[in-house]
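Q: sequence first, predicted coordinates after that:
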Amino acid sequence: MTEPSARFDTALRQLDALHAEDPRRELADGQEVPQELLYAERMSAWLAQVDPDASEALRLAVRAQHLQRWRVPRSDYPQDRPGYLTWRRDLGRIQAEQAARVLGEVGYEAEFCERVAQMIRKEKLRHDADTQAMEDTACLVFLEHYFADFSSEHDEEKLIRILRKTWHKMSPRGHELVATIPMTPDAQRLVQKALA
């Protein structure tokens, strides 16, 4: 991985300070931590496996993907598929704008800030290697850290549909890395069924 610039470290601290404002807490390694800060750290950890030579822009986009997500609750939108898609689109736009603002404040050029914002908005998925790496990273984080809890809240048919969509969004590299995730027997069975 290339050596980050000094402003990268400043940007990371600024982003993490915003993540740390999350009032929701999650237990990790016996310690309660802000949920979105933990998510951001998990994203960075997976990105190191997805793309060890990730650019500075990609590393910052991955860290900022869920920037202050709790401020735009899913419950503020209709509880149907169009409501979900609108919520996701609005989140991407808001998070991209906020991340670009933070990066601009620490000295990144407008073009760099917009590049990061494009990745956060998931523009050109499948056609842009960095955006695809970010999507792979998000899918891997979901499968490793959140799928087991998520699966206890939904019926099997919905879970299989979500797993198929998740798989479809990933690259061959992402597919390879899924095999490295330790899963419960139930989760493994669902994944196998979804991919059959």
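A: Nice, thanks for sending it over.
Q: mind giving me the packing neighbours of the helix ranked longest in the chain?
A: Taking DSSP state H as the criterion, the chain has its longest helix at helix 81-105. Judged by 3 or more C-beta pairs under 8 Å, 6 or more residues apart in numbering; DSSP states H and E, helix 81-105 is in contact with helix 6-19, helix 56-64, helix 110-120. Yep, even glycine has a C-beta here, placed from its N, CA and C like the rest.
Q: and the contacts of the longest one?
A: Contacts of helix 6-19 from elsewhere in the structure, counted by C-beta atoms under 8 Å, 6 or more residues apart in numbering, are 34, 36-37, 39-40, 56, 59-60, 63-64, 66-68, 98-99, 102-103, 105-108.
Q: for stretch 83-95, same thing?
A: Stretch 83-95 has contacts (C-beta under 8 Å, 6+ apart) with 64-69, 71-72, 74, 76-78, 120-122.
Q: quick one on the thing from earlier: from the contacts of helix 6-19, keep the buried residues only.
A: Taking 16 or more other C-beta atoms under 10 Å as the criterion, what is buried in the contacts of helix 6-19 is 34, 36-37, 39-40, 56, 59-60, 63-64, 66-68, 98-99, 102-103, 106, 108.
Q: so, low pLDDT: which residues of this protein?
A: 1-4 (pLDDT under 70).
Q: wait, what's in contact with the residue nearest the centre of the chain?
A: Of all residues in the chain, the one closest to the mean position by C-alpha atoms, centre = their mean is Ala138, 3.7 Å from it. Going by C-beta under 8 Å, 6+ apart, Ala138 touches 43, 65.
Q: which element is it on?
A: Element membership of Ala138, judged by DSSP states H and E, is helix 129-141.
Q: now do Leu27
A: Using DSSP H and E, Leu27 falls in strand 25-28.
Q: let me know how buried Pro23 is, in neighbour terms.
A: 7 (other C-beta atoms under 10 Å).
Q: I'd say it and Trp70 touch.
A: Yes. Contact criterion C-beta atoms under 8 Å: Pro23 and Trp70 qualify, at 7.1 Å.
Q: just read off the phi/psi values of Glu32.
A: The phi and psi values for Glu32, taken as degrees, to the nearest 10, are phi -80, psi 130.
Q: let me see the contact set for it.
A: 25-26.
Q: quick one on the thing from earlier: give me the sheet partners of the strand holding Leu27 and which way each runs.
A: strand 31-34 (antiparallel) (DSSP bridges).
Q: ok, and what's touching the next helix or strand after the strand it pairs with?
A: Toward the C-terminal end, the helix or strand that comes next after strand 31-34 (DSSP H and E) is helix 35-50. The list of residues contacting helix 35-50 from outside it, by C-beta under 8 Å, 6+ apart, reads 1, 15-16, 19-20, 22, 24-26, 28, 54, 58-59, 62-70, 133-134, 136-138, 140-141, 144-145, 173-174, 177, 180.
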